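S.K.: my questions are about this predicted structure, shown below with the sequence.
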Amino acid sequence: MFETWRYYMTRRRFLIGLAVTLLIVAVIVIVASTTSGTSTDETSDTLANTINNTKIGENVQFFAKKAHPAGSDENLELANEIVKRWSTYGFNDVFENNYQVLLSFPTDNSYIKYNGEVKYQPKHNENNNVIPPFNAFSKNGKVSGEVVYVNYGTVEDFAKLESLGVDLADKIALCRYGKIFRGSKAANAHEKGMVGMILYTDPSDSGSGKGDTFPDGPWLPDTGVQRGNVKTIKGDLSTHLYPSYVGGYHASEAEMEEILPKLPVIPIPYTEASKIHNLMKSINQAFATPDSWGGYKIGPSSEVIELNVENENRLTQCRNIISVIDGKEEPDRWVIVGFHRDAWINGAADPVSGLSTVMEITRSFSELMKTGWQPRRTLIFASWDAEEPGIMGSYEFTEDYMTSLKHKAVTYINMDTIVSQPEMLNMKSTPNLFELLYSAAKATMSPDPGYKTMYDFWVGAEKQHNNKDYSKGNPPVSLIGSGSDYTAFLNEVGISCIDFAYKTSYGTYPVYHTQYDTYEWLIKFGDPNFTYHQRMGQFAIRVIYSLANEALLPMSPQKYATEVQYLAADLVEKYADSLKALGVNTTDFIALSNEFLEVSQVLEEALEQFDHESETDWLLLRNLNDKLMLLDRQFICEGGLPGRPSFRHLLFAPSSSNTYAGAAFPGVADEIIKQAQKSTEKQLSLVATKLDAAIRSMHTTISFS
C-alpha cells in the first residue's frame, strides 16, 4: 500500500543521520559556550509555596454560593468578579471574549405519564435559581411505548439485549448513568430504533446502595438527579465549524436537524425509576439480568409509558474572560491555562474546584510579577463560559483564533473538576507531556500523610484500588477524550494538552451535576481543609511555569513516538481477525510507526545535550522548540474523521462509542468495526501520510555551514 514511501525512506536514512549528527554537534558547541542563569526549579518551588489552601477554600465558598448556570445573571456576576480580581493583578491585558451561542433550557412541561396519570414532572423553584432536572439539547416531542431496561446503554449492553432476542424497536429505554457519556447512550438507543430514553442514577453505583447519603454520608440521595447535555457534537450547533459571532449567521433548528440529538431524553430520580422497574413484570420474565446489570428485569414493561420532553433552545450571550501576561523573550508563544465557570447548579467540585485553584494560581503569579518577573513565553488564563451545555466558550474561541493558535500555542492546560473525592490521581495528556507530569508530581508534596510526594500517592493509589504495581515503572496517563475544554484545542488545532484531577476510585463522584454538589458536601466529604486543592495548585503551577519559562520546552518526542508505536501494534493485534477478513495489510503502517520512533530517539539525543537553564543561539533554540511544539499539528487532517469533521486529530480523538474517553487511531478503528475495507485502507493511508510528515518535521534542520 505504501510502496512510494519505501524507496523514499531508504534514501533519506543517511540524510536523517547526517542532519541530526550536525544538530547534536551544534547544540554541544553552543551549550559549551553559555552559562546558566537563575534556577527554574528554585523559582518554581518559591512560586508553588505561595499557593494558600485557606484562600482556595474562600474562593470555593464564594464561587459556589449560588447556582450559576450558563446564561444566568449569577454566572454573569461571577464573570464580573473574575474581571475585577484579574484587573488588580497587574496583568498586561484582561478582556471579555463574547459570542452568541445556542443554549438549551428546561420548561415546566416535560413529564412521564402512565396508568392514566402524570407520575413525574420536574418544575422550576421560584425561590432559587436551581435548574429543574433536564437533559440539554434532548429532542423535543411526545413519544409512547413499552419500556426496556438497557443497563448503562453501552454498545456491549445493546449487543447483549439483541443476543437475547429482545425487541428494541419503538421502545423507550430505561438507562442508568455511568460508564459512558449520556449522549452516547441516547445515540446508541436511537441506532437500535428506540424512541425515547429515561436516565437515572442507580443506588448501587453511587447512591444509597453504597452507604449513607448526603448530608449523613457522601452518597447521592435517591431523590438526586444528574443534569447534563446529550449532544455528541461539541461547540455551538448553530455555527458548527465556524465561530459564533454576535449578529453573525446562525442556522435554524431545521438546518441543524442532522447534528441535533435524535431522541427525547429525560433524567429522573431513583425514587421514580424504581417504580418503572417494578412495571417489568408480565412480559419476558425469563430474561432476568445478571448481577452486572443490577439484578433488574429487562422487560418490556407491562404498561405503556408516555414521555414528553419540552425544552427551549435559544441564542444566548457566551462570555469568556481572558487575561494575559506578556512573554519577555518569546511573546508570540502562548501557554494557555483554562477553566470553565458555569455550573448546572452550585458546582462546588465541578467546576469551582478548578476555578478557585486557578484564581489562586493567578494571584501567585501576580505577586511574582511585583518583583519585576516576566515569563519567557506569554501566559494566557481563560475563564470559559457555557462548558456544561456542550463545551461552547472554549470551542468558539478556538474556532475564532484558529490561525493564531496554529502558529503560537505551545500547550493547553485544563483545570476543571480538579478535586472531588480524592482517592486516586487521574492524569490525561498527549504523550509528549507524560514526563513533565511525572516530574511535577515528584516535586510536589502529597496531601495524604501516607505518602511523601504526589507521585508516590499516584503509584500507591493504583496499587490499592486497581491492584497494579508501578513501583518499577511510571503510573498510567490516559488519552484525551472530549469531556472538557481541552477538546477543541487538541482535536481541531492539534495543540498538546494536559488535564488532571484527584478523583474517586470508582468513576464519577456521587453528587456530580446534582443539587448536592455544594460547598457543604465538599468540605465534609471531599477536601475539608483544601489541602488536596493546594497540592494540585502547586503541581499545576510547576507545570505552567516549566512550559512558560524553560528555554527548551519540556516535551518528549521519544515518549510520544513510543506511545504511538505501542498503540499501533495494539490496534493491529486487537483487530487481527477483522483485518485478515478484510484483506487489509498493515505491514507498512507498523513500519512507519517504528521509523517514527527511531527518528524521535535521535532527536531526543540532541535535546538531552541541551542545558535547560542556559541561553543559547536563538535560531537553534527556536528550531528545536518548534519541532516540539508542532508535533501534534502534524496529525491534523482538515477533513476530520469519518462522520466527525470537527475531530481532526488522526492519532487521538474521543471514542465514537463514548465521547468522554480517548481513543487511538479512531478513524481506523471505527472503519474496521464497520467491516469497511476501502475506508479502512483510506484511514490507514491518511495516518501513514501524517506519520511521514511527523518524521520529516523532526529531522529538518537549519544549515550551520
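M.R.: Now that the structure is in, tell me what you want to look at. All of these numbers come straight from a predicted model, not from anything done at the bench. Numbers count the residues shown, from 1 in each chain.
S.K.: helices along the stretch 1-150 of the chain, start to end?
M.R.: Taking DSSP state H, counting those that start in this stretch, the helices of the stretch 1-150 of the chain run over residues 3-32, 40-48, 53-63, 73-87.
S.K.: same for the second one, what does it pack against?
M.R.: Taking 3 or more C-beta pairs under 8 Å, 6 or more residues apart in numbering; DSSP states H and E as contact, the helices and strands that helix 40-48 lies on are helix 352-369, helix 434-443, helix 531-549. Where you see a C-beta, it was placed from the backbone N, CA and C, and this is true even at glycine.
S.K.: export the last one to PDB, keeping only CA atoms.
M.R.: Provided in PDB are the C-alpha atoms of helix 531-549 (Å, rounded to 0.1, in the frame of the first residue of the first chain):
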ATOM      1  CA  THR A 531      -5.000  20.600  51.100                       C
ATOM      2  CA  TYR A 532      -5.700  18.500  48.000                       C
ATOM      3  CA  HIS A 533      -6.700  21.700  46.200                       C
ATOM      4  CA  GLN A 534      -3.500  23.300  47.500                       C
ATOM      5  CA  ARG A 535      -1.200  20.400  46.300                       C
ATOM      6  CA  MET A 536      -2.900  20.300  43.000                       C
ATOM      7  CA  GLY A 537      -2.400  24.000  42.600                       C
ATOM      8  CA  GLN A 538       1.300  23.600  43.400                       C
ATOM      9  CA  PHE A 539       1.600  20.700  40.900                       C
ATOM     10  CA  ALA A 540      -0.200  22.800  38.300                       C
ATOM     11  CA  ILE A 541       1.900  25.900  38.900                       C
ATOM     12  CA  ARG A 542       5.100  23.800  38.400                       C
ATOM     13  CA  VAL A 543       3.700  22.500  35.100                       C
ATOM     14  CA  ILE A 544       2.700  26.000  34.000                       C
ATOM     15  CA  TYR A 545       6.000  27.600  35.000                       C
ATOM     16  CA  SER A 546       8.100  24.900  33.200                       C
ATOM     17  CA  LEU A 547       6.200  25.400  30.000                       C
ATOM     18  CA  ALA A 548       6.200  29.200  30.200                       C
ATOM     19  CA  ASN A 549       9.800  29.600  31.300                       C
END
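S.K.: flag the shaky bits of this protein, pLDDT-wise.
M.R.: Of all residues in the chain, those with pLDDT under 70 make up the ranges 1-40, 126-128, 281-291, 610-616, 658-660, 700-705.
S.K.: tell me if I'm right that residue 544 and residue 325 touch.
M.R.: No - checked against C-beta atoms under 8 Å, the pair residue 544 and residue 325 is beyond contact range at 10.6 Å.
S.K.: what sits in contact with each of the two?
M.R.: By the contact definition C-beta atoms under 8 Å, 6 or more residues apart in numbering, residue 544 and residue 325 are jointly contacted by residue 379.
S.K.: and stretch 269-281, how far out from the chain middle?
M.R.: Put simply, stretch 269-281 sits 33 Å off its chain's centre (C-alpha atoms, centre = their mean, to the nearest Å).
S.K.: over to stretch 590-608?
M.R.: For stretch 590-608, the separation from the chain centroid amounts to 28 Å (computed by C-alpha atoms, centre = their mean).
S.K.: going by neighbour count, list what's buried in that stretch.
M.R.: Judged by neighbour count (16 or more other C-beta atoms under 10 Å), stretch 590-608 contains these buried residues: 591-593, 595-597, 599-600, 602-604, 606-607.
S.K.: burial measure for residue 254, as a count.
M.R.: For residue 254, the tally of surrounding residues (other C-beta atoms under 10 Å) stands at 7.
S.K.: please report how far it lies from residue 260.
M.R.: Using C-beta to C-beta, to the nearest Å, we find residue 254 at a distance of 10 Å from residue 260.
S.K.: over to residue 644?
M.R.: Between residue 644 and residue 260 the computed distance is 15 Å (C-beta to C-beta).
S.K.: repeat that for residue 425.
M.R.: With the distance defined as C-beta to C-beta, residue 425 ends up 37 Å from residue 260.
S.K.: start to end distance for stretch 372-391?
M.R.: Using C-alpha to C-alpha, to the nearest Å, the gap from the first to the last residue of stretch 372-391 comes to 36 Å.
S.K.: meant to ask about stretch 52-71, not that
M.R.: Criterion C-alpha to C-alpha; first-to-last residue distance in stretch 52-71 is 31 Å.
S.K.: for residue 501, give the beta-bridge partners.
M.R.: residue 426 (DSSP bridges).
S.K.: and it, what does it touch?
M.R.: Taking C-beta under 8 Å, 6+ apart as the definition, contacts of residue 501 comprise 416, 417, 418, 419, 420, 425, 426, 536.
S.K.: and for the last one, the neighbour number?
M.R.: Meaning residue 536. 28.
S.K.: that one reaches residue 503, doesn't it?
M.R.: No - counting by C-beta under 8 Å, no contact exists between residue 536 and residue 503, whose distance comes to 11.1 Å.
S.K.: which one of the helices and strands packed on helix 40-48 is the most hemmed in?
M.R.: Across the helices and strands packed on helix 40-48, the average number of neighbours (mean count of other C-beta atoms under 10 Å) peaks for helix 531-549, which reaches a mean of 26.
S.K.: compute the inter-axis angle for that helix and helix 40-48.
M.R.: 140 degrees (axes from the mean of the first three to the mean of the last three C-alpha atoms, to 10 degrees).
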